[in-house]
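In: the following comprises the amino acid sequence and a computationally predicted model.
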Amino acid sequence: MGLAPADYPLHFAARHDGGSHIEPLAPDGWRLRVTERGQVLAETRFADDEALLYRLVCDVAAAEGARLHAGQSANGKDPRRADFSRRMELVGKVSPAWRIRLAEELAQWLARHPYNDRSSSPAPSGQSAAKAPKGWIGPAFVITLVLGLVLGWAAAHYPLWSVWQTQQRLHAEGFAVRAAVIERHRTDGRFADEYLLTYCYQGATRTLEGRDSVDWVTFSSVDYDGASIDVVYDPADQETSMVEGNDRAGRLAWIYAAIDALLMLVIAWEWRKSRREGAAG
């Protein structure tokens, strides 16, 4: 085959390192085994010397073809062309009949996995290479992606919209009553602390309990449980209430605005990065 024998030595005993070795079988034939750490990973039996030699020669040719494949620069051609051509060249040095046999086997493989060549024609002088026209899948994917992002953004902002709607309704239609504070609680948040007041108020038909997240000024002004505070409740839904004058939606809006601004900065940075990489490419 014209190759250095030391590059592809034959082993007749197990080395247990993931490599292969051959063993004779009685009364005739051969066995090719792959072993590692005392275990047999693969085993192939051959009825005669020719079957074994054909397998060994094809394995060496495949290794040489893969080496050629890895060393090639991208030129638009499917690298398997040079790989398979090198295999048949090496096998043909041993036996022309084996070369024909290998060509038939590779043809069967290519029938299932054909070559995938890409055009590499240079662009005219002074002109950049024209981009391949995009099919409907490209625009459809972009539209779907944008629509998904918009819907995701809207879903993430729904809590803000819900709080704002409730707050506006209570400001416009709510009944103001005096309530007794029954619990004061501060929650340590990741971005900001939350100050919660739990209170008891008299609705139109029964006594109810409510909870509202307030600002620090309101929370600190109610310095003990049992203090009185003004609240408003929805006459159509007496269990919906809030502390009078509380602007919970406004505080949430600042948090959402900061998150949106950070997200826009990340998107802008990624876009500029892709533009620079595209220009460099």
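Out: On my side now, so go ahead.
In: what's the neighbour count on W161?
Out: The local packing of W161 (other C-beta atoms under 10 Å) involves 12 other residues. Where you see a C-beta, it was placed from the backbone N, CA and C, and this is true even at glycine.
In: from R211, how far out is it?
Out: 20 Å (C-beta to C-beta, to the nearest Å).
In: who's M242 bridged to?
Out: Using DSSP bridges, the beta-bridge partners of M242 come out as V232.
In: contacting residues for it?
Out: Taking C-beta atoms under 8 Å, 6 or more residues apart in numbering, we find M242 in contact with T166, Q167, L170, G174, G210, D212, V231, V232, R248.
In: now E104
Out: Contact analysis of E104 by C-beta under 8 Å, 6+ apart lists nothing.
In: so how far is P139 from it?
Out: Noted for E104: a distance of 44 Å to P139, by C-beta to C-beta.
In: one step back: among the contacts of M242, which are in helices?
Out: Under the assignment DSSP state H, the contacts of M242 contribute T166, Q167, L170, R248 to helices.
In: tell me the two of those that are most distant?
Out: The largest separation in the ones in helices among the contacts of M242, counting by C-beta to C-beta, is between L170 and R248 at 10.6 Å.
In: the helix or strand encompassing R186: which residues count as buried?
Out: Assigned by DSSP states H and E, R186 falls within strand 175-187. Residues of strand 175-187 classed as buried by neighbour count (16 or more other C-beta atoms under 10 Å): V177, A179, V181, R184.
In: let me see the mean pLDDT of it.
Out: Averaging pLDDT along strand 175-187 yields 89.
In: same deal with stretch 147-165?
Out: 82.
In: show me what it is in contact with.
Out: Residues contacting stretch 147-165 (C-beta under 8 Å, 6+ apart): R248, A249, L252, A253, Y256.
In: again, but for stretch 33-49
Out: 14-23, 25, 28-32, 52, 55.
In: quick one, helices of the stretch 101-250 of the chain?
Out: Ranges of helices in the stretch 101-250 of the chain, per DSSP state H, counting those that start in this stretch, are 137-156, 158-173, 216-221, 248-280.
In: can you state the direction angle for the last one and helix 158-173?
Out: When you say that, I think you mean helix 248-280. Counting by axes from the mean of the first three to the mean of the last three C-alpha atoms, to 10 degrees, helix 248-280 lies at 150 degrees to helix 158-173.
In: and the angle from helix 248-280 to helix 137-156?
Out: Using the same axes, to 10 degrees: helix 248-280 against helix 137-156 is 160 degrees.
In: pLDDT weak spots in the stretch 51-200 of the chain?
Out: 69-75, 119-138, 189-191 (pLDDT under 70).
In: do I have it right that A63 meets Y8?
Out: Yes - using C-beta atoms under 8 Å, A63 is in contact with Y8, at 7.2 Å.
In: and which of the buried residues of strand 175-187 is nearest D237?
Out: When the buried residues of strand 175-187 are compared against D237 (criterion: C-beta to C-beta), the nearest one is V177, at 14.7 Å.
In: do I have it right that that closest one meets D234?
Out: No - contact between V177 and D234 fails when scored by C-beta under 8 Å: they sit 11.9 Å apart.
In: for the residue lying closest to R101 once chain neighbours are set aside, phi and psi?
Out: Closest residue in space to R101, ignoring its immediate chain neighbours: Y54 at 7.4 Å, by C-beta to C-beta, 6 or more residues apart in numbering. In terms of degrees, to the nearest 10, the main-chain angles of Y54 are phi -60, psi -40.
In: how far away is Y54 from E183?
Out: Using C-beta to C-beta, we find Y54 at a distance of 85 Å from E183.
In: keep only those of the contacts of stretch 33-49 that are in strands.
Out: Under the assignment DSSP state E, the contacts of stretch 33-49 contribute D17, G18, G19, S20, H21, I22, E23, W30, R31, L32 to strands.
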